[in-house]
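*Asks:* Please find the sequence and the predicted model below.
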Amino acid sequence: MRLTKHVHALLNPAGGQTITNLIQIVYVSQPFGFDEPTLAGILLDARRCNKRDDVTGALVCRRDIYLQLLEGPEGAVRAAYARIRRDDWHAEIKELVSHKIQSRLFASWAMLHDPAKTWIWTEEGISDGALDRAEPAVIIKVFKDLSDRSEKPSAH
């Protein structure tokens, strides 16, 4: 996906070149069988695997949608995303953003969970394709704002 100037400015405000092998992938999916025990299992598994693989990120979710940002070394992030695409907890997975980054938004989080408290799109908007029309910079800003508001984890 082509990186817009606005997204580049958000990720690299100094305007320098990205010199790391870090990437971010943001995807959206529909939960399959969403309930609290399922979500707890997803988060437990994600945190375990992500700690092992040096992947960080955040999951914004509610009963109709998962929106997740994964970040870290390119190979590890792509492997995590491939695992997610194979699992049974998601339907209709769509990659929204994929780009190189210079630093992480969620460096202290194996997987931050935000139960859509920061959500800017309604269920009706999502059904109407709001994420399909959203610019990558808008999607990244959702996570940037979440990162700015999040406290550092105590045990995540």
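*Replies:* Yep, it's here.
*Asks:* Can you pull the poorly scored residue ranges out of the chain?
*Replies:* Counting by pLDDT under 70, the chain contains low-confidence residues at 1-20, 115-119, 151-156.
*Asks:* try 50 this time
*Replies:* Residue ranges of the chain with pLDDT under 50: 1-19, 154-156.
*Asks:* how many other residues sit next to the closest residue to residue 29 other than its chain neighbours?
*Replies:* The spatial neighbour of residue 29 that comes closest, neighbours along the chain excluded (CB to CB, 6 or more residues apart in numbering), is residue 90 at 3.8 Å. Glycine gets a C-beta too; all of them are placed from N, C-alpha and C. Residues lying near residue 90 (other CB atoms under 10 Å) number 18.
*Asks:* Test my guess that residue 90 contacts residue 30.
*Replies:* Yes - contact criterion CB atoms under 8 Å: residue 90 and residue 30 qualify, at 7.1 Å.
*Asks:* Which neighbours do those two have in common?
*Replies:* Jointly contacting residue 90 and residue 30 under the rule CB atoms under 8 Å, 6 or more residues apart in numbering are residue 66.
*Asks:* which other residues reach the helix ranked longest in the chain?
*Replies:* Secondary structure of the chain per DSSP state H: the longest helix is helix 36-53. With contact meaning CB under 8 Å, 6+ apart, helix 36-53 is reached by 31, 55-57, 59, 61, 72, 76, 79-80, 83, 89, 110-111, 113, 156.
*Asks:* The helix or strand that that helix is followed by pairs with which strands?
*Replies:* Using DSSP states H and E, the next helix or strand after helix 36-53 towards the C-terminus is strand 56-62. Strand 56-62 has its sheet partners listed here by DSSP bridges as strand 65-73 (antiparallel), strand 112-114 (parallel).
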